[in-house]
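Visitor: Sequence and predicted structure below; questions after.
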Amino acid sequence: MILIADLGATNARFCMTDDGTSYFHQAKYPINNFDSLEDLLSLYFSEHKVTNPQKAVIGVAAPITEDSISFINIDLEFSKQKLKKNFFPKGLIVVNDLELQAHALLDLDQRHLSYIGELRAKAGPKILISPGTGLGLAGIIGGKVISTEAGHINISTAIANDNLAVIINEFMIKEGRAPTYEDFLSGKGISRFYTFFSNDKKLKLTNEEILAKRNDSSALQAIDLLNYLLASYLRYVTLVWGATGGVFLSGSIINSLVLTEDYQDFRDVFESSDTMRIVLESAPIAIVRDEEIGFLGGMEIAKKLLN
């Protein structure tokens, strides 16, 4: 057996696979409730009465640059070498969480996708974008998955409409720096935009409640601006990556933010370019409806550990 772990900044998801084609023993835990990855693993193995499988594929919400892994948006870190020695001596693969998810696109069933527009995925470079606690992006070129930290690019003021320009200015005054796309295209961006439009400084609504309140004018304005910014960001990264094979969106925020009634306006903003409209018009956009995309991608990687 091989453990698959998708460790975001909010939730830790676990499952097991025998052959890289199906998974079982799924579990989800609030990651902030734990002081260490070792505690998380011990609880999962105990609750599911699983003997340590000795092998694992782990995706983490952090850049993978050296042995010590430090999460970006939470206070959690671990050593790959120590984890392999203590838990997974027969094989351990650690990747960025979006790289984990992007592996699912190598062999993703069409039934998991809802397309924004008529175009369908095709051959060519692909990108996966996932707003959550942060904003992740991974690309696929020639069958190779490439992780990035593209959510930390500063927002271009060239795309700022009147309301967005005011929000950017308020952010710079308060934070002393320019906002990145992750600052706004994430959970914290939802509450920031809603507070701006409602002028509610004592916000008690969750992000899920805000996205569900489309009959509330402030919530709808926030949703519209988030979709405008997201479509603008996708336009930018699609051109950078040459993502003519498809632009894919994943995560619980996306599934509540971009609804069918938003599709036409979303594509209109995405395709808005004086010079590259013909390229953007040919790029498919799809929402991945399966929130366990990390498990699907993890199974693709797990095949490397089967022998």
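Guide: All right, it came through fine. Predicted, not measured: the structure shown is a model, and the values here were computed from it.

Visitor: mind checking the longest helix of this protein?
Guide: helix 217-241 (DSSP state H).

Visitor: buried stuff in that helix?
Guide: 218-219, 221-238, 241 (16 or more other CB atoms under 10 Å). No exception for glycine: its C-beta is placed from N, CA and C like everyone else's.

Visitor: Could you do stretch 299-307 as well?
Guide: Result for stretch 299-307 [16+ other CB under 10 Å]: buried residues 299-302, 305.

Visitor: what's the answer for stretch 248-263, then?
Guide: Those would be 248-255, 257-258, 262-263, for stretch 248-263 by 16+ other CB under 10 Å.

Visitor: Also stretch 87-99?
Guide: Residues of stretch 87-99 classed as buried: 87-88, 91-99 (neighbour count, 16+ other CB under 10 Å).

Visitor: tell me the mean pLDDT for it?
Guide: Across stretch 87-99, pLDDT averages out at 95.

Visitor: Now do the phi/psi pair for the residue most central in space within the chain.
Guide: Of all residues in the chain, the one closest to the mean position by CA atoms, centre = their mean is Ser130, 2.4 Å from it. Per-residue torsions, Ser130: phi -140, psi 100 (degrees, to the nearest 10).

Visitor: which stretches of the stretch 201-307 of the chain form helices?
Guide: 207-212, 217-241, 252-257, 263-270, 277-281, 293-302 (DSSP state H, counting those that start in this stretch).

Visitor: again with the stretch 51-200 of the chain
Guide: Under DSSP H, counting those that start in this stretch, the stretch 51-200 of the chain gives helices at 80-86, 97-102, 162-175, 181-184, 187-198.

Visitor: Distance to Glu149 for those - can I get that in CSV?
Guide: Shown next, in CSV, are the helices of the stretch 51-200 of the chain (distance: least, CB to CB, whole Å):
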stretch, distance to Glu149
helix 80-86, 19
helix 97-102, 10
helix 162-175, 19
helix 181-184, 9
helix 187-198, 17
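
Visitor: To what extent is Gly242 buried, counted in neighbours?
Guide: 14 (other CB atoms under 10 Å).

Visitor: And for it, nearest residue in space, chain neighbours not counted?
Guide: Pro125 (5.2 Å; CB to CB, 6 or more residues apart in numbering).
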